[in-house]
Structure formats: C-alpha cells, structure tokens
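*Asks:* no FASTA, just this:
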C-alpha cells in the first residue's frame with residue numbers, strides 16, 4: 001500500500017506557480033480552487049475548498065499546506081477537516097508567514113496573521129501532537145530552557161513551519 005498525500009493550494013501555473021512540496025515517497029493528490037494549467041493535467045487534481053475537504057474520513061497519511069491557512073476565511077475549520085481526513089499517525093505540515101514577517105501583511109489576500117502560540121493552540125485543541133521545525137540543540141540543559149528557547153526561535157522567525165501529528 002502506498003502512502004497518500006494531500007497537498008492543498010499547491011499552485012496551478014495560472015495565477016501562481018506550481019510548487020509541490022510532497023515528498024517523493026508519497027502519492028500526491030492536489031487540491032486547489034482553480035483548474036490546473038494544461039501541462040499539469042496528468043496529475044491527480046481535485047477542485048475544492050480547503051475548509052470543506054471533499055474526501056472520506058481517515059484517507060491521507062500526509063497533508064501539506066504551504067502558505068494556505070492565512071488565506072482562509074475559517075482556518076480552524078480547515079484544521080478540523082485535516083484532522084478528519086488524516087489517518088491515525090498521519091501528519092499535517094503547515095507553513096505560513098510569521099506575524100513578525102513583512103510577508104504576513106504584504107499580500108492583501110491574507111485574512112489572518114499567525115504566531116507560533118496561536119497555531120500551536122489551534123492544533124492542540126484538535127488533538128494534534130505539535131512538532132516545531134525550529135529547535136535548539138539537545139545539549140542545552142535543562143529541558144525547560146531548551147523548550148523556552150525553541151519557542152523563542154519560532155516566535156521570532158520569518159516563516160512558521162509546524163507539524164501536527166494525529167494521535
């Protein structure tokens with residue numbers, strides 16, 4: 001059985017470029033609100049709304065959403081949908097501009113601005129185990145100091161990169 005990934009808002013080469021981020025060991029399904037350009041039609045595309053994913057429960061092993069959540073009217077609804085369609089142990093990979101980034105406010109289509117604490121809380125409320133991409137060295141002791149420094153790095157970085165694991 002192959003691993004199945006959903007990549008949301010990957011780009012269709014129409015209004016924004018196609019930039020997939022799904023690892024090569026997954027079979028990708030691409031979801032977007034617009035039709036892909038002609039050269040991309042051989043891939044598995046679904047037209048749909050990220051806040052109402054048109055899939056049955058527990059079908060995906062991985063969901064990738066890079067620079068999508070800040071564009072949604074209801075990001076919490078999107079995260080609930082991700083929880084629903086992920087298998088147990090499945091992973092949600094999110095990337096979004098951090099609130100301290102110029103990019104968080106540069107695009108007039110951004111409806112939300114996120115910091116690490118808001119994103120962390122949203123994921124935890126749904127039951128995700130949250131893994132931060134940016135962390136500090138494991139030689140730093142005690143563990144509490146290491147955790148505080150990791151949150152500080154994620155608070156100050158330009159782009160948030162967070163992984164939610166469905167427990």
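*Replies:* That came in fine, so what should we check first? In this text, all values refer to a predicted model and were calculated from it rather than measured experimentally.
*Asks:* so which residues make contact with the longest helix seen in the chain?
*Replies:* Counting residues, the longest helix found in the chain (DSSP state H) is helix 143-156. Where contact means C-beta atoms under 8 Å, 6 or more residues apart in numbering, the residues beyond helix 143-156 that reach it are 98, 100, 115-117, 132-138, 140, 160. Every residue, glycine included, has its C-beta placed from N, CA and C.
*Asks:* likewise stretch 7-23?
*Replies:* Contacts for stretch 7-23 (C-beta under 8 Å, 6+ apart): 5, 28-37, 39-40, 50, 62-68, 71, 93.
*Asks:* in the strand ranked longest in the chain, what counts as buried?
*Replies:* Looking across the chain with DSSP state E, the single longest strand is strand 86-97. By neighbour count on 16 or more other C-beta atoms under 10 Å, the buried set for strand 86-97 is 86, 90, 91, 92, 93, 94, 95, 96, 97.
*Asks:* again, but for stretch 49-60
*Replies:* For stretch 49-60, a neighbour-count test (16+ other C-beta under 10 Å) marks 49, 50, 53, 55, 60 as buried.
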